[in-house]
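**Q** Need a 3D model of the following:
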Amino acid sequence: MAATPDAPQPSAGGARTAATTRRKAGRHRGEGQWAVGHFTPLNGNEQFKKDDDGLNVRTRIETIYSKAGFDSIDPNDLRGRMRWWGLYTQRKPGIDGGKTAILEPEELDDKYFMLRVRIDGGRLTTEQLRVIGEISQEFARGTADLTDRQNVQYHWIRIEDVPEIWQRLEAVGLSTTEACGDTPRVILGSPVAGIAEDEIIDGTPVIEEIQRRIIGNPAFSNLPRKFKSAVSGSPLLDVAHEINDISFVGVEHPEHGPGFDVWVGGGLSTNPKLGVRLGAWVSREEAADVYEGVISIFRDYGYRRLRTRARLKFLVADWGAEKFRQVLEDEYLKRKLSDGPAPAQPVQQWRDHVGVHKQKDGRYYVGFAPRVGRVDGATLTKIAAVAAEHGSGRLRTTAEQKMIVLDIDESQVDSLVAGLEALDLRVKPSPFRRGTMACTGIEFCKLAIVETKGRGASLIDELERRLPEFDEPITININGCPNACARIQVADIGLKGQLVLDDDGNQVEGYQVHLGGALGLEAGFGRKVRGLKVTSDELPDYIERVVRNFQEQRTDGERFAQWAARAEEGALK
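**A** Residues are numbered from 1 along each chain as shown. Below you'll find the model as predicted:
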């Protein structure tokens with residue numbers, strides 16, 4: 001394996017300047033920060049990244065592993081570097097959730113992979129979607145889930161097929177580069193960028209410039225941990241900007257006009273933190289420079305000693321927004337940023353663009369809801385065909401596990417809607433279909449404790465049957481473990497998978513309940529009621545009971561999150 005240097009040189013003179021100015025901050029001298037001279041790897045992940053850049057594993061996959069098979073893969077590649085190309089080993093079938101934290105990685109590994117296709121900004125052509133669907137059918141046993149980060153995720157991928165899959169994806173302008181790993185992950189973007197009538201600013205050029213500079217660049221391929229990003233000029237705040245490492249949020253500056261408000265340090269998992277505003281306004285032309293500065297700070301100053309403290313949110317929490325902005329300006333940008341306003345509160349709770357909406361060019365876009373992001377390759381190829389038949393060449397995925405067809409003439413809208421509905425893709429879904437999200441769960445994920453996708457789909461059906469008249473926005477987010485890939489802390493009803501005891505004292509699949517979380521409108525984390533856990537079998541009864549209590553007790557115009565924050569504990573159980 002080719003060895004990499006001890007550390008890449010930080011841009012804008014970061015490390016050398018900082019080595020003097022930051023040595024005084026003794027609290028973090030042992031955190032593995034490159035900018036204070038700590039280059040010695042402090043854990044196994046840092047060691048394998050130093051031994052060889054994760055980007056280099058592609059050559060071994062193409063020339064060795066795909067030819068010699070799964071058993072030929074080096075363990076540091078298998079459970080480490082292969083993530084740099086979107087590959088995770090999936091969970092071996094038949095291993096129950098009680099063994100998740102007990103078994104060794106090699107005991108949990110199946111000889112198949114999850115493969116993540118990154119779709120920056122959620123932007124797809126009908127041709128790209130057709131190819132994604134065909135790959136699913138040919139190589140992934142039909143699997144193809146829409147994620148809450150606008151990606152598509154395959155399962156059952158054999159290492160022998162990966163080079164062919166890459167070739168087909170890249171032939172239509174798609175890739176899996178840095179879809180996982182300690183890298184700059186997919187850049188979330190407003191799915192109606194460039195077309196929405198109410199858009200403040202189109203963030204598409206920003207996403208494209210960040211992709212050009214950063215993705216696949218060895219200068220940014222060894223970060224302390226993953227780095228999540230979002231860019232949106234929509235007044236609906238449609239990219240979950242509060243829980244990304246960096247977000248650019250469209251605002252109108254009273255003097256400079258449309259631009260972006262900069263947020264840093266958001267993230268969920270077991271130690272959730274909402275992002276903070278830097279108070280800085282940046283133009284569309286400046287945004288990529290600011291992104292490069294922030295990701296460079298993370299690379300150089302990020303905590304590498306403990307994986308549990310290696311996200312940017314911990315550095316931001318320790319420094320504060322003022323110091324973070326000062327370091328960004330003084331050491332990386334070498335200039336001051338303009339102060340700017342905060343984004344306005346969105347005017348509605350739904351931010352997924354589901355339904356029929358007029359574009360600024362007079363045509364229409366149509367958003368639709370699968371069940372908890374679960375689709376399949378055959379369905380995706382049919383969506384591509386239906387969209388093309390109705391004159392569209394473009395689609396978008398959303399940050400809510402939904403999809404949108406763009407550029408539809410008014411005369412074609414009704415026919416398109418009928419074609420989507422025939423595929424069980426609802427353009428006018430119930431609040432439960434629209435608002436329920438689920439992570440991958442124990443079916444494929446090695447971290448999961450409980451099942452999620454099937455549970456979410458059946459829950460939707462049951463709630464639609466029991467509460468057919470309910471018509472208020474509500475989000476129900478189901479996660480298979482504590483890591484919050486499905487954003488449980490910021491849902492109206494967040495369900496964290498764990499093993500619980502049923503009435504007979506048996507250990508069964510269940511959930512800890514979070515209530516009243518939100519993003520966009522009064523963003524905050526959900527409330528945990530002492531001792532409130534439900535078994536999977538009890539879930540429909542529990543949610544029906546809580547929703548009925550909400551209906552009976554809410555004041556005029558009160559949202560579920562507002563009610564849950566003030567409700568008596570008895571109404572929440």
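**Q** Please report the distance of the residue minimising distance to the centre of the chain from Gln498.
**A** The centroid of the chain falls nearest to Arg149 when counting by CA atoms, centre = their mean (3.3 Å). Distance, Arg149 to Gln498, using CB to CB, to the nearest Å: 24 Å. Where C-beta positions appear, they are placed from N, C-alpha and C, glycine not excepted.
**Q** go on, Val508?
**A** 10 Å.
**Q** how about the nearest residue to the residue nearest to the centre of the chain, chain neighbours excluded?
**A** Val186 (5.5 Å; CB to CB, 6 or more residues apart in numbering).
**Q** what about that neighbour, helix or strand, and which?
**A** strand 184-189 (DSSP states H and E).
**Q** Over to Ser458?
**A** helix 453-466.
**Q** List the buried residues for that helix?
**A** By neighbour count with 16 or more other CB atoms under 10 Å, helix 453-466 contains the buried residues 453, 455-457, 459-460, 462-463.
**Q** Repeat that for stretch 303-319.
**A** Neighbour counts over stretch 303-319 (16+ other CB under 10 Å) mark 303-305, 309-316, 318-319 as buried.
**Q** mean confidence for it?
**A** If you average the pLDDT over stretch 303-319, you get 97.
**Q** start to end distance for it?
**A** Start and end residues of stretch 303-319 are separated by 12 Å (CA to CA, to the nearest Å).
**Q** roughly how far is it from the heart of the chain?
**A** When C-alpha coordinates are averaged (CA atoms, centre = their mean, to the nearest Å), stretch 303-319 and its chain have centres 19 Å apart.
**Q** Tell me which residues are up against that stretch.
**A** With contacts defined as CB atoms under 8 Å, 6 or more residues apart in numbering, stretch 303-319 is touched by 27-28, 30-34, 38, 41-43, 45-46, 224-227, 245-246, 264-267, 269-271, 273, 275-276, 294, 297-298, 301-302, 324, 327.
**Q** what about stretch 335-342, average pLDDT?
**A** Rounded mean pLDDT across stretch 335-342 is 98.
**Q** centre of the chain versus that stretch, how much separation?
**A** Worked out by CA atoms, centre = their mean, stretch 335-342 lies 27 Å from the chain centre.
**Q** where along the stretch 201-350 of the chain do the helices fall?
**A** Applying DSSP state H, counting those that start in this stretch to the stretch 201-350 of the chain gives helices spanning 204-214, 287-301, 312-319, 321-327.
**Q** The ones you listed into CSV, with extra columns for distance to Asn483?
**A** Shown next, in CSV, are the helices of the stretch 201-350 of the chain (distance: least, CB to CB, whole Å):
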stretch, distance to Asn483
helix 204-214, 25
helix 287-301, 20
helix 312-319, 14
helix 321-327, 25
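**Q** looking at those, which is buried most?
**A** Most buried of these, by mean neighbour count (mean count of other CB atoms under 10 Å): helix 287-301, with a mean of 24.
**Q** how about the strands in the stretch 151-300 of the chain?
**A** 152-157, 184-189, 227-232, 246-253, 257-264, 276-282 (DSSP state E, counting those that start in this stretch).
**Q** now for the ones you listed, which one comes closest to Ile543?
**A** Of all these, strand 152-157 sits nearest to Ile543, with 26.2 Å by CB to CB.
**Q** what about Gly279, how many residues close to it?
**A** 16 (other CB atoms under 10 Å).
**Q** which secondary structure elements does whichever strand or helix holds Val131 contact?
**A** Using DSSP H and E, Val131 sits within helix 126-139. Helices and strands touching helix 126-139, by 3 or more CB pairs under 8 Å, 6 or more residues apart in numbering; DSSP states H and E, are strand 143-146, strand 152-157, helix 162-171, helix 377-389, strand 394-397.
**Q** Which positions in the third one come out as buried?
**A** Neighbour-count burial for helix 162-171, with 16+ other CB under 10 Å as criterion, is recorded at 162-163, 165-166, 168-169.
**Q** Quick check: phi and psi at Arg374.
**A** phi -90, psi 110 (degrees, to the nearest 10).
**Q** Restrict stretch 442-453 to CA atoms and write it as PDB.
**A** Extracted in PDB, the C-alpha atoms of stretch 442-453 (Å, rounded to 0.1, in the frame of the first residue of the first chain):
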ATOM      1  CA  ILE A 442     -31.900  -4.500  11.400                       C
ATOM      2  CA  GLU A 443     -32.700  -5.900   8.000                       C
ATOM      3  CA  PHE A 444     -29.300  -4.700   6.700                       C
ATOM      4  CA  CYS A 445     -27.600  -2.500   9.200                       C
ATOM      5  CA  LYS A 446     -25.000  -3.900  11.600                       C
ATOM      6  CA  LEU A 447     -25.600  -1.200  14.200                       C
ATOM      7  CA  ALA A 448     -29.400  -1.800  14.400                       C
ATOM      8  CA  ILE A 449     -31.300  -3.400  17.200                       C
ATOM      9  CA  VAL A 450     -34.800  -3.500  15.800                       C
ATOM     10  CA  GLU A 451     -36.700  -3.600  12.500                       C
ATOM     11  CA  THR A 452     -37.700  -0.200  11.000                       C
ATOM     12  CA  LYS A 453     -38.800  -0.200   7.300                       C
END
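**Q** Next, the buried residues of it.
**A** Along stretch 442-453, these residues count as buried under the neighbour rule (16+ other CB under 10 Å): 442-453.
**Q** ok, now stretch 470-478?
**A** Those would be 470, 473-478, for stretch 470-478 by 16+ other CB under 10 Å.
**Q** Save the residues you listed as TSV, and put in distance to Ala486, secondary structure and pLDDT too.
**A** Listed next are those as TSV, based on distance: CB to CB, whole Å; DSSP: H, G, I helix; E, B strand; the rest coil; pLDDT from 0 to 100:
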residue	distance to Ala486	secondary structure	pLDDT
Phe470	21	coil	97
Pro473	17	coil	96
Ile474	15	coil	97
Thr475	10	coil	97
Ile476	10	strand	98
Asn477	5	strand	97
Ile478	6	strand	97
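**Q** Now distance to Glu104 too, for those residues, in TSV please.
**A** Output for the buried residues of stretch 470-478, formatted as TSV (distance: CB to CB, whole Å):
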residue	distance to Glu104
Phe470	46
Pro473	44
Ile474	40
Thr475	36
Ile476	34
Asn477	30
Ile478	27
